[in-house]
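Peer 1: Let me see the structure of the following:
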Amino acid sequence: MNLTSVSQVREWCMANGFHPNKVMGQNFLIDRNVLTAIVDAGLDGVDGGNILEIGPGLGVMTEELLRRGRGVTAIEKDPVLAGRLAESLGGPAGLSVVAGDALDVIRDILPSQSFAAMISNLPYQAGTRILLDVLQTRAISSVTVLVQSEVADRLAAGPGSKTRGLAGVWAQLDYDVKVVRKVSAQCFWPRPEIGSSVVKLVRHDRNAALSADERAVFRRLTKKAFEHRRKQLGSIFRDLIDSTARAEELTNEEWVNLAKEMSDSRVFDIIRL
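Peer 2: A predicted model of the protein is given here:
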């Protein structure tokens, strides 16, 4: 089956009584040019090694990665799609399929397996949560994902941007983020309501020395600040921070410095309230 042919994809779904699940974010990529661009971006600068793919769906990206000589570990939540993936691609030796929810299994897989990169068309509904879980482990140095354009813009947004939010601040703690290209909604079937973007995240080591406590304070500080993003930091953290700035105005370096200054048990408890 040609996985970039919408007619053949539709035929398979009808023949097998399969209906793409909107709640699970099942929008299958059907554009060959976009597929090539995503895989090119994902493999750029990545020498050898296996690839982690989350949400392979019918296997269009899986097939392309295997064709390029990469081993793939694919995590698929839908039991029907997980059960058919290996057989439909001819049972390749380089493919390992994990049936399960990435939000449940990712933290078990990453410490035990080594991946050169992650390349995925993430499901719309849980994509941000899955991505942040992966990034928090710092286990993969190169991550290239297809996500909703508004999510991509938030991930890459710099200080002072109206689109800067918690996801971007957390992602940029350990990764440099770049929007590679926009992808039209017509490149998917079923067609989603909004467009997508390819985002590449490359791990940096600028905050590698942060302790576990400092990272925990960083996350609590930023989470509370963005929950009250219209307020000045001095109003949110009275007696702790003297600042008229708002959450989106601070650089990641400034947030890191605050976390270092405030990483003691007293402040930890105050931030939790």
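
Peer 1: Next, find the distance separating the nearest residue to residue 262 once chain neighbours are set aside from residue 91.
Peer 2: In space, and not counting its chain neighbours, residue 262 is closest to residue 217: 5.6 Å by C-beta to C-beta, 6 or more residues apart in numbering. From N, CA and C alone the C-beta is placed, and that goes for glycine too. Noted for residue 217: a distance of 48 Å to residue 91, by C-beta to C-beta, to the nearest Å.

Peer 1: more neighbours, those two?
Peer 2: Between residue 217 and residue 91, counted using other C-beta atoms under 10 Å, residue 217 has the larger neighbour count: 24 against 8.

Peer 1: Give me the three-state assignment for that one.
Peer 2: helix (DSSP: H, G, I helix; E, B strand; the rest coil).

Peer 1: wait, it sits on residue 261?
Peer 2: No: in terms of C-beta atoms under 8 Å, residue 217 does not count as a neighbour of residue 261; the distance is 9.1 Å.

Peer 1: So which bits of stretch 193-205 are buried?
Peer 2: By neighbour count on 16 or more other C-beta atoms under 10 Å, the buried set for stretch 193-205 is 195, 196, 197, 198, 199, 200, 201, 202.

Peer 1: out of those, which are inside strands?
Peer 2: 196, 197, 198, 199, 200, 201, 202 (DSSP state E).

Peer 1: And what about the closest residue in space to the last one that isn't next to it in sequence, helix, strand or coil?
Peer 2: Take residue 202 and drop its neighbours on the chain: the residue closest to it by C-beta to C-beta, 6+ apart is residue 176, 5.1 Å away. Under the three-state scheme (three-state DSSP), residue 176 adopts strand.

Peer 1: list the contacts for residue 176?
Peer 2: Listed by C-beta atoms under 8 Å, 6 or more residues apart in numbering, the contact set of residue 176 reads 201, 202, 204.

Peer 1: now with 10 Å?
Peer 2: 156, 200, 201, 202, 203, 204, 206 (C-beta atoms under 10 Å, 6 or more residues apart in numbering).

Peer 1: element containing residue 74?
Peer 2: Assigned by DSSP states H and E, residue 74 belongs to strand 72-76.

Peer 1: What's the first helix or strand after that strand?
Peer 2: helix 79-88.
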